[in-house]
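[1] Would you be able to build a 3D model of this:
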Amino acid sequence: MSSPVLVRPAVRGATALRGGGTWRPTPYQFFGFLFWLVMSLAYWRVPLCCDAGQHAAVVERLKDDLLHPRHPMADLPGAGSPYYSPFALAQGVAARLTGLGGWEVLRLTGPLNLLVLLTGIGRFVRVLTPRPWAPVLALGAMTLLWGVERAWWSGYLNLMSMTGNLAYPSAFAIGLAFWAWALTGARTRGAGAVRCAGARTWGAGAVRCAGPGGPRPLSGYAALGALYGLILLVHPITAVAAALGAVALVAGWQRRWGPAAAGRWALTGAVALLTAACWPYFDVFALAGDGSVDAMHRRLYLDLGGQFGLALLGLPVLWLRARRTSWRDPLVLMFVLDCLVVAYGWVSGHYTYGRILGLTLVPLQFAAAVELAAPRPWPVWRRLLGGATAAGACAAFLTVHAGAVVPAGFERPPDWPSYAWAARYVGPGEVVITDGYHAVHAIAGYGPNLAAPAWPDASLDEGERLRRVADVRAYLDPGSTRAERAAVVRRYHARWLLLTPRQRVPEEAVVVAWSRRTGEVLARIGG
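    The predicted structure follows:
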């Protein structure tokens with residue numbers, strides 16, 4: 001295989017003395033940095049909410065014991081919990097080394113995840129096209145072209161949801177997925193091709209041209225497989241979309257098939273599965289038959305038009321790409337495969353597959369971005385597409401996303417209360433009885449345990465979790481007797497009671513503190 005050729009134009013004068021021109025950032029480097037800075041500040045400004053308490057609790061458990069962490073939210077063994085991924089383990093190590101708590105680690109994780117995401121987007125779009133403005137437009141499309149109703153879920157990385165979701169494993173996994181797609185596309189598109197796109201410049205405009213492609217080292221395919229295996233461990237449902245994207249790229253761009261090519265991609269798949277199988281904390285393949293969280297994901301299929309309708313502006317572009325090349329265009333294949341999996345989730349009742357809806361929009365958004373990055377003059381249809389896309393992005397920003405970055409005048413992200421006031425009294429590992437919506441999602445992130453965990457977890461039988469929920473409900477029932485409450489306290493070794501303003505304090509409880517903001521009361525119970 002011939003070596004890449006670096007062609008440098010002649011340089012004169014002072015520029016020649018320095019060995020070339022001065023470095024200038026690309027449009028994506030400039031606007032990507034601005035986006036990273038603004039979104040990091042926006043993320044730090046908004047109180048963490050929703051699933052953040054669960055992930056902070058995971059960090060706290062790993063900080064306490066890296067090798068044998070307890071259940072994230074209950075005083076139970078944690079063996080088999082899928083929350084203990086390599087991503088969470090790295091957070092736990094950071095917490096142990098720095099002494100930071102789970103919430104503080106999540107605050108620092110958000111900008112780091114965003115950096116992985118932004119660099120991954122840039123690399124993937126450069127594989128799709130050399131047009132310098134395409135990554136900038138792709139970032140704008142991915143964060144704005146959703147719908148005119150708020151779409152907020154783990155794995156949804158629009159502008160508004162980024163203020164709450166950036167620290168989640170799903171955000172890191174999506175960033176890794178873009179990197180994996182970029183590396184996959186580079187291997188498929190570069191095999192046997194001669195390219196000189198002029199996409200990368202050094203100094204005064206030197207161009208790097210790739211010579212005729214040849215067999216790439218097998219170590220690169222093995223490393224790529226390890227990356228896909230890491231995605232599977234960090235966030236299994238994102239790995240489904242990542243695998244579909246890989247299939248689309250290989251099927252669309254791999255032109256020369258034979259035993260050697262098939263063997264290289266088989267190696268990638270085998271290493272991915274082996275990487276996941278070797279993880280000691282949980283069995284990721286056992287999650288395939290776990291339907292305990294399907295019911296809660298049914299609402300993902302509601303109001304699809306309101307939440308995702310603006311992304312359909314990219315549908316005519318996908319149709320055009322299919323006509324220009326063939327149905328094997330990777331973005332076309334990726335969209336079709338994603339839609340099939342989403343439809344399977346609805347038909348089968350495994351609604352968890354709806355969580356890839358956020359990545360299902362990517363082919364639509366990126367196809368529009370690549371098309372609108374074309375040099376002018378534009379034909380009439382492209383001008384119409386540009387106008388419609390700009391209008392859609394403005395409508396989405398004003399109706400949904402402006403509150404993420406504008407301090408006032410628009411609907412804000414969720415503003416959840418802090419439970420630091422209660423955590424000052426409750427010791428790490430002590431059990432709390434509560435059923436307040438915010439409390440059950442947040443208090444475990446400070447170190448305490450819940451009598452009844454908020455979320456299903458493979459490390460705890462779902463029937464046992466539901467029994468615990470029923471016991472907590474019985475304890476908080478106004479008609480419960482002191483003996484019945486005492487039995488629940490003994491069963492779960494409960495020490496604390498966190499009550500909403502509408503719930504009465506049992507006669508045997510001693511009030512310790514209360515929240516001025518929410519009116520919730522913390523009381524001591526048990527021994």
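[2] And the strands in the stretch 201-350 of the chain, which stretches?
    With DSSP state E, counting those that start in this stretch, the ranges of strands along the stretch 201-350 of the chain come out as 201-202, 206-209.
[3] can you tell me which of the ones you listed the model trusts least?
    For those, mean pLDDT drops lowest on strand 201-202, to a mean of 30.
[4] Averaged pLDDT, the helix or strand harbouring Ala390. What do you get?
    Taking DSSP states H and E as the criterion, Ala390 maps to helix 380-396. The average pLDDT for helix 380-396 rounds to 96.
[5] Name the residues that touch it?
    Contact with helix 380-396 is made by 140-141, 144-148, 310, 313, 316-317, 368, 371-372, 374, 378, as judged by CB atoms under 8 Å, 6 or more residues apart in numbering. Where you see a C-beta, it was placed from the backbone N, CA and C, and this is true even at glycine.
[6] With only the CA atoms kept, save stretch 322-340 in CSV.
    Extracted in CSV, the C-alpha atoms of stretch 322-340 (Å, rounded to 0.1, in the frame of the first residue of the first chain):
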residue,chain,number,x,y,z
ALA,A,322,-30.9,6.8,-2.5
ARG,A,323,-31.6,8.0,-6.0
ARG,A,324,-28.1,9.5,-6.5
THR,A,325,-26.3,6.4,-5.4
SER,A,326,-28.5,3.4,-4.4
TRP,A,327,-30.4,2.1,-1.5
ARG,A,328,-27.0,1.1,-0.1
ASP,A,329,-26.3,4.6,1.0
PRO,A,330,-25.3,4.2,4.7
LEU,A,331,-27.5,7.0,6.0
VAL,A,332,-30.5,5.5,4.2
LEU,A,333,-29.7,2.0,5.5
MET,A,334,-29.2,3.3,9.0
PHE,A,335,-32.6,5.0,9.0
VAL,A,336,-34.4,2.0,7.7
LEU,A,337,-32.8,-0.4,10.1
ASP,A,338,-33.5,1.9,13.1
CYS,A,339,-37.1,2.3,12.0
LEU,A,340,-37.5,-1.5,11.8
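[7] May I see the buried residues of it?
    Using 16 or more other CB atoms under 10 Å as the test for burial, stretch 322-340 gives 322, 329-335, 337-338.
[8] do stretch 517-526 as well
    Counting neighbours by 16+ other CB under 10 Å, one finds that the buried residues in stretch 517-526 are 518, 520-526.
[9] now these in TSV, with distance to Leu384 and secondary structure?
    Formatted as TSV, the buried residues of stretch 517-526 follow (distance: CB to CB, whole Å; DSSP: H, G, I helix; E, B strand; the rest coil):
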residue	distance to Leu384	secondary structure
Thr518	51	coil
Glu520	54	coil
Val521	60	strand
Leu522	60	strand
Ala523	64	strand
Arg524	67	strand
Ile525	66	coil
Gly526	68	coil
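[10] List just the nearest of these to His71.
    Closest approach to His71 among these (CB to CB): Gly526, at 19.7 Å.
[11] wouldn't the closest one be in contact with Tyr492 here?
    No - here Gly526 does not reach Tyr492: they are 9.4 Å apart, not a contact under CB atoms under 8 Å.
[12] picking that back up, pull the most distant pair out of the buried residues of stretch 517-526.
    Greatest spatial distance among these (CB to CB): Thr518 and Gly526, at 23.4 Å.
[13] just to revisit the earlier point, from the buried residues of stretch 517-526, which has minimum pLDDT?
    Lowest pLDDT among the buried residues of stretch 517-526: Gly526, 77.
[14] Now do the same contact list for that residue.
    Residues near Gly526 by CB under 8 Å, 6+ apart: 489, 493-495.
[15] Only whichever of those are buried, select them in ChimeraX.
    In ChimeraX, this line selects whichever of the contacts of Gly526 come out buried by 16+ other CB under 10 Å:
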select :489,494,495
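[16] Now go through the contacts of Gly526 and say which are in strands.
    494-495 (DSSP state E).
[17] Identify, from the buried residues of stretch 517-526, the entry nearest to Gly164.
    For the buried residues of stretch 517-526, the nearest to Gly164 is Thr518 (19.0 Å; CB to CB).
[18] now that closest one: how far from Trp279?
    In this view, Thr518 and Trp279 are 39 Å apart by CB to CB, to the nearest Å.
[19] Tell me where the protein is predicted with low confidence.
    Within the chain, the segments meeting pLDDT under 70 span 1-21, 190-215, 527.
[20] for it, what's the longest helix?
    What stands out as the longest helix in the chain, according to DSSP state H, is helix 102-128.
[21] For it, which helices and strands make contact with it?
    For helix 102-128, the packing partners by 3 or more CB pairs under 8 Å, 6 or more residues apart in numbering; DSSP states H and E come out as helix 27-45, helix 52-64, helix 86-98, helix 134-144, helix 169-190, helix 362-372.
[22] Looking at the ones you listed, spot the one closest to Trp455.
    Closest approach to Trp455 among the helices and strands packed on helix 102-128 is made by helix 52-64 (6.1 Å; CB to CB).
[23] Now Ala277: closest residue in space that isn't a chain neighbour?
    Sequence neighbours aside, Phe285 is the residue nearest to Ala277 in space, at 7.2 Å (criterion: CB to CB, 6 or more residues apart in numbering).
[24] Isn't that neighbour up against Trp279?
    No - counting by CB under 8 Å, Trp279 is not a contact partner of Phe285; they are 10.5 Å apart.
[25] out of those two, which sits in the busier spot?
    Using other CB atoms under 10 Å as the criterion, Phe285 and Trp279 rank with Trp279 on top: 18 against 12.
[26] can you map out the helices along the stretch 351-500 of the chain?
    With helices called from DSSP state H, counting those that start in this stretch, the stretch 351-500 of the chain shows them at 357-360, 362-372, 380-396, 402-405, 420-423, 437-442, 462-476, 482-492.
[27] Now distance to Ala261 too, for these, in JSON lines please.
    Output for the helices of the stretch 351-500 of the chain, formatted as JSON lines (distance: least, CB to CB, whole Å):
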{"stretch": "helix 357-360", "distance to Ala261": "26"}
{"stretch": "helix 362-372", "distance to Ala261": "24"}
{"stretch": "helix 380-396", "distance to Ala261": "36"}
{"stretch": "helix 402-405", "distance to Ala261": "44"}
{"stretch": "helix 420-423", "distance to Ala261": "56"}
{"stretch": "helix 437-442", "distance to Ala261": "48"}
{"stretch": "helix 462-476", "distance to Ala261": "44"}
{"stretch": "helix 482-492", "distance to Ala261": "57"}
